[in-house]
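Asks: whatever this is, show me its structure:
(2 chains)
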Amino acid sequence: DAGITQSPRHKVTETGTPVTLRCHQTENHRYMYWYRQDPGHGLRLIHYSYGVKDTDKGEVSDGYSVSRSKTEDFLLTLESATSSQTSVYFCAISESWGTDTQYFGPGTRLTVL
Amino acid sequence: GNSVTQMEGPVTLSEEAFLTINCTYTATGYPSLFWYVQYPGEGLQLLLKATKADDKGSNKGFEATYRKETTSFHLEKGSVQVSDSAVYFCALSDQDGGFKTIFGAGTRLFVKA
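Replies: Next up, the predicted model:
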């Protein structure tokens, strides 16, 4: 199994509070991704990173920011959480861009009340 | 833009039944196609993939053939087991989409003993 951990695994927070989710990998893969999973939508890309301090937006990036200061860590921040951001968040990594296989973390279930 | 359409679930089968989960795609280029599986409480993991027309991906008794003429990548298994109960996601990635992976909505499979 690819070494990917996410923390926390579960979080309940209130509307308007900031939230940071962490993804940590031990595979030294260059590419890292944040997805959200919602019923009927599959997985949708929020942000991705192609190297330390190199990030870009995905299809549902509004309300989210990311940072990557080390190869192994990719942080997702909700600056002011809203109920529409209640979801399961998955981190993924891949060795190369393009059609390479992605390896997924176990997910973080976030509930915004 | 690129898109993936999967049959809606849930699909409920008895053990040893034949499984088909339909997947069709829309892409302007020549995508690579994937099936990922998500077991309860876990992240997604690659089940199989195919990178060009007429390729057949296979793993753990599952198969899917890349059909460019029908833009399809249907997942099949000859004899399902209770342990195959999971959510299955069809996905694609291609150059015209910036190589971002697009996932279908997922199909939940229940297998009864």
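Asks: from now on I want contacts and neighbour counts done on CA atoms only, so please keep to that.
Replies: Will do.
Asks: tell me where chain A has strands.
Replies: Using DSSP state E, the strands found in chain A span residues A:4-7, A:10-13, A:19-25, A:31-38, A:42-51, A:54-57, A:64-70, A:73-78, A:87-94, A:103-104, A:108-112.
Asks: could you check the angle the fifth one makes with strand A:87-94?
Replies: Put plainly, it is strand A:42-51. Interaxial angle, strand A:42-51 versus strand A:87-94 (axes from the mean of the first three to the mean of the last three Cα atoms, to 10 degrees): 40 degrees.
Asks: strand A:42-51 - contacts with which helices or strands?
Replies: Contact partners of strand A:42-51 among helices and strands, from 3 or more Cα pairs under 8 Å, 6 or more residues apart in numbering or on different chains; DSSP states H and E: strand A:31-38, strand A:54-57, strand A:64-70, strand B:102-103.
Asks: now with 6 Å, please.
Replies: With contacts taken as 3 or more Cα pairs under 6 Å, 6 or more residues apart in numbering or on different chains; DSSP states H and E, strand A:42-51 sits against strand A:31-38, strand A:54-57.
Asks: can you tell me what sits against it?
Replies: The contact list for strand A:42-51, computed with Cα atoms under 6 Å, 6 or more residues apart in numbering or on different chains, reads A:30-37, A:55-61, B:103-106.
Asks: please indicate which of those are buried?
Replies: Among those, those classed as buried by 16 or more other Cα atoms under 10 Å in any protein chain shown are A:30-37, A:55, A:57-58, A:61, B:103-106.
Asks: now, which of those sits nearest B:Glu16?
Replies: B:Glu16 has its nearest neighbour among the buried ones among the contacts of strand A:42-51 in B:Gly106, at 22.0 Å by Cα to Cα.
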